[in-house]
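Chemist: A predicted structure for the sequence below; I have some questions about it.
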Amino acid sequence: MDPTPAVPALQLFSLEGKNVLITGATRGIGAACAIALSQAGASVCLVQRPGNTNTETLDAIAATGRRVRTVDCDLGELEGVRSLFGRALEVMDGEIHVLVNCAGIQRRSPAVSFSEQDWDDVLNVNLKACWLLAQQAGQHMVPLRRGKIINFCSLLTYQGGYTVPAYASAKGALGQLTKALANEWSKDNVQVNGIVPGYIATDMNEKLLADPTRLRQISERIPAGRWGQPLDFAGPVVFLASDASRYVCGELLVVDGGWMGR
């Protein structure tokens, strides 16, 4: 591993000259991360579903004056995922320095009636697509001896959840994949880490937010006294994408308002 550069502390967090590929940036946590990365100086390539008409993230990054590009891909269609990194390289002039796997889907059902189709859909998007992209990123980054991969995990990387067997399985495995890749690639100056969101007020949690009983139970257990917001991930993602985290390898950074420490 190359040493952390001896530069002023704030310069360690600069992403000037870096190209970032990020999934799940249309809204929520992914959108906040994409905008934060651009504000730190990066050029950003957003992965969007074919036919997507939501340009809020694209417009927000363009307003900063930073370069932004898009590539279309349905992450549930694995053939498209297999060519995704290569297509992103083309629009980013052959250089990607940071991969952020933030996209995810959810299916809720009691385990006794959880369908095989829902299982496959969740595992494909939340785990296999992440693996395929990470592998492609490694093939690009390892020979160049530089790069960052950031996988968005979940509290269910540690806990079993309730009526979400596929999601819990995928996120548990993604945490282990993060560590496994870090074990292999850290020596090649490619840092692989994860971010673990707690309970965040996003579309994925709309059913919990709409359930008065569960909302109260969860809220009372969070030491910070509030649910997280997408902006709470701006700092963590910039840290893990930058030289400030050069010696951070295989870690799962929990951003949960203290939930796991309770």
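Modeler: On my side now, so go ahead. Bear in mind the structure is a predicted one, so any value in this text is a computation, not a measurement. Numbers count the residues shown, from 1 in each chain.
Chemist: contacts and neighbour counts: CA atoms only from here.
Modeler: Noted.
Chemist: which stretches of the stretch 151-262 of the chain form strands?
Modeler: Listed in chain order, the strands of the stretch 151-262 of the chain (DSSP state E, counting those that start in this stretch) span 190-197, 252-255.
Chemist: just name the most buried of the ones you listed.
Modeler: Burial of the strands of the stretch 151-262 of the chain is given as mean neighbour count (mean count of other CA atoms under 10 Å); strand 190-197 ranks first at a mean of 26.
Chemist: and it, which strands flank it?
Modeler: In the sheet, strand 190-197 lines up against strand 147-152 (parallel), strand 252-255 (parallel) (DSSP bridges).
Chemist: so for S245, which of those sits nearest?
Modeler: Closest of the strands paired with strand 190-197 to S245 is strand 147-152, at 9.5 Å (criterion: CA to CA).
Chemist: mind checking the pLDDT average for that closest one?
Modeler: Strand 147-152 carries an average pLDDT of 98.
Chemist: go on, stretch 189-206?
Modeler: 91.
Chemist: how long is it from one end to the other?
Modeler: 39 Å (CA to CA, to the nearest Å).
Chemist: now find how far off-centre it is within its chain.
Modeler: On the basis of CA atoms, centre = their mean, to the nearest Å, stretch 189-206 sits 6 Å off its chain's mean C-alpha point.
Chemist: go on, stretch 202-211?
Modeler: Distance, stretch centre to chain centre, for stretch 202-211: 20 Å (CA atoms, centre = their mean).
Chemist: quick check: end-to-end length of that stretch?
Modeler: Start-to-end span of stretch 202-211 (CA to CA) is 14 Å.
Chemist: all helices for the stretch 1-150 of the chain, in order.
Modeler: Taking DSSP state H, counting those that start in this stretch as the criterion, the stretch 1-150 of the chain carries its helices at 28-39, 56-63, 78-82, 84-91, 116-123, 129-144.
Chemist: what's in contact with the last one?
Modeler: The list of residues contacting helix 129-144 from outside it, by CA atoms under 8 Å, 6 or more residues apart in numbering, reads 75-76, 78, 81-82, 84-85, 97, 99, 101, 147, 149, 151, 174, 177, 185, 188-190.
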